[in-house]
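Undergrad: Sequence first, then the predicted structure:
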Amino acid sequence: MPKMKSKKGAVKRFKVKKSGLVKRGTAFRSHILSKVDGKHHRQMRSAKYLNASDANKMKDMIV
């Protein structure tokens, strides 16, 4: 049986940390950020992580 291929779109967007958490980016960061509240703009810089149920699905896609 052939090897399972990873989903390349998922590989580019998500990273698995050593702790098992799946790191993700923040949406709505590309342009027209002058309309965004300063507090929300700062919060978008920090790393976000998937919850456990979504992380398990994503790990299957990545590996």
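TA: Arrived safely, thanks for sending. Numbers count the residues shown, from 1 in each chain.

Undergrad: Buried ones in the longest helix along the chain, by neighbour count?
TA: Taking DSSP state H as the criterion, the chain has its longest helix at helix 52-62. Residues 55, 58, 61-62 are the ones in helix 52-62 that count as buried (16 or more other Cβ atoms under 10 Å). Bear in mind the C-beta positions are built from the backbone N, C-alpha and C, glycine included.

Undergrad: What ranges does the chain have for its helices?
TA: 8-13, 38-43, 52-62.

Undergrad: What residues sit buried inside the first one?
TA: Read it as helix 8-13. Buried, per 16+ other Cβ under 10 Å, within helix 8-13: A10.

Undergrad: From the contact counts, what lies against it?
TA: Packing partners of helix 8-13 (3 or more Cβ pairs under 8 Å, 6 or more residues apart in numbering; DSSP states H and E): helix 52-62.

Undergrad: Any chance you could list what contacts the helix it packs on?
TA: Applying Cβ atoms under 8 Å, 6 or more residues apart in numbering, the external contacts of helix 52-62 come out as 6-7, 10-11, 14, 16, 20-22, 49-50.

Undergrad: what is the rounded mean pLDDT of that helix?
TA: Looking at helix 52-62 alone, the average pLDDT works out to 94.
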